[in-house]
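J.: below are the sequence and a predicted model; questions follow.
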Protein chains: 2
Amino acid sequence: MSLPRIAVDAMGGDHGARVMVEGAALARRRHDKFKFLLVGDETAIKAALDDHPGMREASEILHCDDVVAGDEKPSRAIRRAKTTSMGLAIQAVKDGNAGAAVSAGNTGALMAMGKIALRTMPGIDRPALAGLMPTLEEHDVIMLDLGANTEADARNLVQYAIMGAAYARIALGVEQPRVRLLNIGTEDIKGTDALRDAAAALQAASSLDMRFDGFIESDKINRGQTHVVVTDGFSGNIALKAIEGTARFVTDLLKTAFTSSLRSKFGFLVSRPATELLKHHLDPNNHNGGVFLGLNGVLVKSHGSANAQGVANAVAVTARLLEADITRRITADLAELGEDALRDRANGNGNSTDGTAAAK
Amino acid sequence: MSLPRIAVDAMGGDHGARVMVEGAALARRRHDKFKFLLVGDETAIKAALDDHPGMREASEILHCDDVVAGDEKPSRAIRRAKTTSMGLAIQAVKDGNAGAAVSAGNTGALMAMGKIALRTMPGIDRPALAGLMPTLEEHDVIMLDLGANTEADARNLVQYAIMGAAYARIALGVEQPRVRLLNIGTEDIKGTDALRDAAAALQAASSLDMRFDGFIESDKINRGQTHVVVTDGFSGNIALKAIEGTARFVTDLLKTAFTSSLRSKFGFLVSRPATELLKHHLDPNNHNGGVFLGLNGVLVKSHGSANAQGVANAVAVTARLLEADITRRITADLAELGEDALRDRANGNGNSTDGTAAAK
């Protein structure tokens, strides 16, 4: 069976075509059945392909001059969907010219263009951005939504849980992923109406291929034990960036501390393998590849500053999602849940709690 | 001039009277003008005072048998406001028997009891829980609300900014604290209506003793440069716990890494001063003392697991807030802002944005 190819926006990200092509070539060593559509400036792409002859044979180039800028407003970018490398990569998925698109460009623009061109899949009201993060255990944890939508009602949250679980079965290889809703406490009474209603709906939906474990607080995200953390895009983005920022903060402190005295400097050299391990574990390149779930087609965001190894991870995630046909699997789960049950339960619920919910 | 005394809930927290009394005694070395009302089991308090004769002279004991449990629902705890050590400590503030209360007990119960007994101060709609966190610079950063209320409208956020700035002038000693609103991007269009309206109101209020610098993302909270980060209680709690959890996650990783080989173990010993510095910087005991702002009276929460040094920091913060008369200062700032301006601008705005707000 021939697999659909992967469209790569070769111009997005901080490092341009060279790193995007090198990343795809690295991923191809692990997934050598895949072919690529490389979208962007032909001269730059050809130059990048010179170092990767195997990749050159597996790729077609789609030339265009225009690029979405990193700081461009999505509302402006969407007007150039037919001329930019990002827009044309997504368009290839829409036209069936590719099965998935990967871009390291402007996230807001990618989301907006993706929504317009691919539309949300049947049964899903809003797409969500899902990402992988390290934990203390062997497996990563998936968190969504990381910022595709500012708010989410109970119905959105349940759909995110289903999409996140489908992603976890593919990316983490667990049959029954353990799913939790992010909240500011673990008791039933904590949080917003939307969270409480989503929890009740997931608790009742026992036929789904997941195990719903209730609420989780954000200090437990990285402890392991949970495969999927579900939240609205605002809170998810706050949590994600707080985690990234603190990891950087602690390693910066460490660097300062280790270089503050000769004795420490010596200790640092002796223990370098330990700090290398730490660096490896925290390096975002090892967990690269945010996935927009819920669209008619697979759309993957690589971190703008990712190196070739990071891009390779994003492309490898894309390949696995294509192989496993994630869209079909989400559809099956939605059918299992039963649309009406969810609609009845979540109907009319917004984020309208206003009582005290003091933190412990 | 004689200063009002500080009521200490001697029974709250994981370690009970011994650590609460020792902590207050440590703080008294720095603020020796202060007197204390120690509320709780007389026998336990007297035993704890045996080691601190100076503290014994400065203290009165208010005996009670009852204690609010750490996992007790606030709705249940408030019924025992007149019999528990927490309730009586707050009551002392209400009756003018003390100027401030400190407790290491159940945060939700403390908040609920504080609201009922002390009520919000004139011009403030909702109180907020504010905390201090470490940064890469010399000064800590103040974040609020950390979970006193699940949601906040623009008017609440502006009031939090004013309260946070007043706290920063006292706790951080800066005349014009730099204030930012927590958001999922720094552009004007990011986030909810409440955030955008609050930003516009703060931008327009140029006569306040603060410098409003716009939005901040959660990966920048610990970078320094900002003195006050303002957010709703849900997002604030998510960010706080994500920061705490990640700091613990990274140090746990480090511990594992350092003990994974003999060579690393040796390196660890040689560089211990560096890791001690790191530990000191991240130790919550060095930043202990969440403050409920916006009540008629000063109410301070010490971390449940804090040691005596942590309690001493919480008591010292309480003493500074009393000396500087924070309630009066917030009132003055509110007058400066002009109630009507804020009411006009923020009127009728909730958290109702629903467009795409993709994260970078």
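T.: Received, thanks.
J.: what are the ranges of the strands in the stretch 151-300 of chain A?
T.: For the stretch 151-300 of chain A, the strands defined by DSSP state E, counting those that start in this stretch cover A:178-182, A:211-216, A:228-230, A:290-293, A:298-301.
J.: what helices or strands is the helix or strand following the last one leaning on?
T.: Of the helices and strands lying after strand A:298-301 in sequence (DSSP states H and E), the nearest is helix A:308-323. Helix A:308-323 makes packing contacts with strand A:6-9, helix A:16-30, strand A:100-103, helix A:154-171, strand A:298-301 when contacts are defined by 3 or more CB pairs under 8 Å, 6 or more residues apart in numbering or on different chains; DSSP states H and E. C-beta: built from backbone N, CA, C; applies to glycine.
J.: and those: which comes nearest chain B?
T.: Minimum separation from chain B across these (CB to the nearest CB) falls at strand A:298-301, 9.0 Å.
J.: how much space between A:V317 and chain B?
T.: Note on A:V317: its distance to chain B, by CB to the nearest CB, to the nearest Å, is 18 Å.
J.: how near is the closest residue to that residue other than its chain neighbours to chain B?
T.: Counting by CB to CB, 6 or more residues apart in numbering or on different chains, A:V317 lies nearest to A:G289, which is 4.0 Å off, once chain neighbours are set aside. Per CB to the nearest CB, A:G289 is found 15 Å from chain B.
J.: where does A:G289 land on pLDDT?
T.: On pLDDT, A:G289 comes in at 75.
J.: next one: A:G297
T.: pLDDT, A:G297: 93.
J.: isn't it right up against A:A100?
T.: Yes. Applying CB atoms under 8 Å, one finds A:G297 in contact with A:A100, separated by 6.8 Å.
J.: need the residues touching each of these two.
T.: A:V93 (CB atoms under 8 Å, 6 or more residues apart in numbering or on different chains).
J.: which stretches of the stretch 101-250 of chain A aren't confidently modelled?
T.: Within the stretch 101-250 of chain A, not a single segment meets pLDDT under 70.
J.: just the helices in chain A please.
T.: Secondary structure of chain A (DSSP state H): helices at A:16-30, A:42-49, A:53-57, A:74-77, A:85-94, A:107-118, A:154-171, A:193-204, A:233-258, A:262-270, A:272-282, A:308-323, A:326-337, A:339-346.
J.: what about the closest residue to chain B within the stretch 51-200 of chain A, neighbour count?
T.: Ranked by CB to the nearest CB, the top residue of the stretch 51-200 of chain A for proximity to chain B is A:G147, at 2.9 Å. When neighbours are counted by other CB atoms under 10 Å in any protein chain shown, A:G147 registers 30.
J.: once you drop chain neighbours, what's closest to A:L321?
T.: A:V298 (5.0 Å).
J.: how much space between the residue nearest the centre of chain A and B:A109?
T.: Central residue of chain A (CA atoms, centre = their mean): A:G290, 2.0 Å from the mean position. Distance, A:G290 to B:A109, using CB to CB, to the nearest Å: 40 Å.
J.: what of A:T251?
T.: A:T251 is 38 Å from B:A109, by CB to CB.
J.: so those two - more neighbours on which side?
T.: B:A109 (27 against 16).
J.: that one against B:E72, yeah?
T.: Yes. With contact defined as CB under 8 Å, B:A109 reaches B:E72; the gap is 6.1 Å.
J.: ok, now which ones touch A:K220?
T.: Per CB under 8 Å, 6+ apart, neighbours of A:K220: A:T226, B:G245.
J.: what do you get for A:G54?
T.: Contacts of A:G54 (CB under 8 Å, 6+ apart): A:A25, A:R28.
J.: stretch A:47-64: end-to-end distance?
T.: 15 Å (CA to CA, to the nearest Å).
J.: got the buried residues for it?
T.: The neighbour-count check on stretch A:47-64 (16 or more other CB atoms under 10 Å in any protein chain shown) flags A:A48, A:L49, A:H52, A:M55, A:R56, A:A58, A:S59, A:I61, A:L62, A:C64 as buried.
J.: grab the nearest non-local neighbour of A:G70.
T.: A:N106 (5.5 Å).
J.: over to A:A128?
T.: Using CB to CB, 6+ apart, the nearest residue to A:A128 is A:D145, at 3.7 Å.
J.: that neighbour touches A:A161, doesn't it?
T.: No. Checked against CB under 8 Å, the pair A:D145 and A:A161 is beyond contact range at 10.9 Å.
J.: these two: which has the busier surroundings?
T.: A:D145 (33 against 29).
J.: wait, A:A198 sits on A:L181?
T.: Yes. If you go by CB under 8 Å, A:A198 and A:L181 touch, sitting 6.0 Å apart.
J.: which neighbours do those two have in common?
T.: Joint contacts of A:A198 and A:L181 (CB under 8 Å, 6+ apart) are A:L157, A:A161, A:V230.
J.: residues near the residue lying closest to the second one once chain neighbours are set aside, how many?
T.: The spatially closest residue to A:A161, leaving aside those adjacent along the chain, is A:V230, at 4.8 Å (CB to CB, 6+ apart). By other CB under 10 Å, the residues close to A:V230 number 32.
J.: swap in A:G224?
T.: Using other CB under 10 Å: A:G224 sits among 16 other residues.
J.: so what's it up against?
T.: Counting by CB under 8 Å, 6+ apart, A:G224 has contacts A:T135, A:L136, A:E137, A:E138, A:H139, A:V141.
J.: near chain B, from these?
T.: For chain B, the contacts drawn from those by CB under 8 Å from any CB of the partner chain are A:L136.
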